[in-house]
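K.L.:
quick one, what's the 3D model for this:
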Amino acid sequence: MPPFDIIEIMKNPLAESGRPGPFLRLVLAEAAGYGLPPQIVATLDDIGAMLGFFDPLPRGQASHLAGPLSVWRTHRMQPTIERVPEIEALAMRQRALIAFGGAPPGHHVGTAEICVAMGNLYRDKDLGSADVPPEYHDVFVWASTDVLTKLQEKTPEEIVKAREGWRLISDDEVLKPGGRLHSTYTEIATSIRRTAIAALTGAPDNPREYLKPIASHFLRAHTAVLDEIQKTPGSELKGYTGDLEAAIRTIRSMFPGLDIEVVENKVEKGEPA
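P.N.:
Take a look at the predicted model:
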């Protein structure tokens, strides 16, 4: 991880919002950068959404947040894959910030996640593999330059000058619609995101899957309290009706079909449906 910078953290939009929910997400993003597993980050974020701290992430975004990092190979028989813990940690932090709305505009995946995916690609045809297209290489150089500025605390100019064949590539070339490398970046980002999402689709360790029992419990409890309030004229809990209704809507949006499971659970326990 880059050196701890409290000033950078406090300047983040999630901290400057002045609301506890976004700040909680900023804390989760920082924790991801210090080794908190992505599935735990996504799980805690889903629990926070169920408790009403913030709106839940869309299902695809939540799966990308929890999913594994992609590591591309030029050839399926490639014998080694280099892994750099500092870059992987930064990738998880950037991934969380993008999901939570705390990253710079235009980022669909972070620069470190691109480096993790593309860092093992061969460019030399003599190694028995197809050459990486020049646009892909330029996006990798752009991403690597950004990552190294964070890890080594150097300027982009210093990073590029020290590496043969690299040139300074601006954010506008990559992130701005119509930029020379924007379509290539979008293609790379889409592939990386789809791989992470596909890895958790239907998997039992997908947070949206193993949180279902907790969500079911919350839904039953909220519904029971709401029913009791509505049956009791002048209830002291009347002021919580809106919050309970909002929580129920949130849980149902996160876990489609959970109402059916609640009814089935009640029947199994001998409770009235």
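
K.L.:
where does this structure have low pLDDT?
P.N.:
By pLDDT under 70, the weakly predicted segments of the chain are 1-4, 74-81, 122-131, 259-273.

K.L.:
residue closest to the middle of it?
P.N.:
L65 (2.7 Å; C-alpha atoms, centre = their mean).

K.L.:
state the helix or strand in which that one lies.
P.N.:
Applying DSSP states H and E as the criterion places L65 in helix 59-66.

K.L.:
distance from that helix to the middle of the chain?
P.N.:
The chain centroid and the centroid of helix 59-66 are separated by 6 Å, computed with C-alpha atoms, centre = their mean, to the nearest Å.

K.L.:
domain ranges for this protein?
P.N.:
According to automatic domain parsing, the chain comprises the domains 6-200, 211-268.

K.L.:
my read: T145 touches S170, true?
P.N.:
No: using C-beta atoms under 8 Å, T145 makes no contact with S170, being 10.4 Å away. C-betas here are computed from N, CA, C, even on glycine.

K.L.:
higher neighbour count, these two?
P.N.:
Using other C-beta atoms under 10 Å as the criterion, T145 and S170 rank with T145 on top: 22 against 13.

K.L.:
after the host helix or strand of the more buried one, next one along is what?
P.N.:
Using DSSP H and E, the element containing T145 is helix 134-152. As assigned by DSSP H and E, the chain's next helix or strand after helix 134-152 is helix 156-161.

K.L.:
just checking, what packs against that following helix?
P.N.:
Judged by 3 or more C-beta pairs under 8 Å, 6 or more residues apart in numbering; DSSP states H and E, helix 156-161 is in contact with helix 134-152.

K.L.:
let's see the helix it packs on as PDB, backbone CA atoms only.
P.N.:
Output of helix 134-152 as PDB, limited to C-alpha atoms (Å, rounded to 0.1, in the frame of the first residue of the first chain):
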ATOM      1  CA  PRO A 134       0.000  -1.300 -29.200                       C
ATOM      2  CA  GLU A 135      -3.200   0.300 -27.800                       C
ATOM      3  CA  TYR A 136      -3.400  -2.300 -25.100                       C
ATOM      4  CA  HIS A 137       0.300  -1.700 -24.200                       C
ATOM      5  CA  ASP A 138      -0.400   2.100 -24.000                       C
ATOM      6  CA  VAL A 139      -3.200   1.600 -21.600                       C
ATOM      7  CA  PHE A 140      -0.900  -0.700 -19.500                       C
ATOM      8  CA  VAL A 141       1.800   2.000 -19.600                       C
ATOM      9  CA  TRP A 142      -0.700   4.600 -18.500                       C
ATOM     10  CA  ALA A 143      -2.000   2.400 -15.700                       C
ATOM     11  CA  SER A 144       1.500   1.400 -14.600                       C
ATOM     12  CA  THR A 145       2.700   5.000 -14.500                       C
ATOM     13  CA  ASP A 146      -0.200   5.900 -12.200                       C
ATOM     14  CA  VAL A 147       0.400   3.000  -9.900                       C
ATOM     15  CA  LEU A 148       4.100   3.700  -9.600                       C
ATOM     16  CA  THR A 149       3.500   7.300  -8.700                       C
ATOM     17  CA  LYS A 150       1.500   6.100  -5.800                       C
ATOM     18  CA  LEU A 151       3.800   3.400  -4.700                       C
ATOM     19  CA  GLN A 152       7.100   5.200  -5.200                       C
END
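
K.L.:
pull the residues that contact it.
P.N.:
Residues outside helix 134-152 that contact it (C-beta atoms under 8 Å, 6 or more residues apart in numbering) are 2, 86-87, 90, 111-112, 114-115, 118-119, 121, 123, 132, 154-156, 159-160, 166-169, 171, 173-174, 180-181, 184-185, 188.

K.L.:
could you flag which of these are buried?
P.N.:
2, 87, 90, 111-112, 114-115, 118-119, 121, 123, 132, 156, 159-160, 166, 169, 173-174, 181, 184-185, 188 (16 or more other C-beta atoms under 10 Å).

K.L.:
among those residues, which are in helices?
P.N.:
87, 90, 111-112, 114-115, 118, 156, 159-160, 173-174, 184-185, 188 (DSSP state H).

K.L.:
for G102, list the residues it contacts.
P.N.:
Taking C-beta under 8 Å, 6+ apart, we find G102 in contact with N12, P13, L14, P22, R25, L26, A29.
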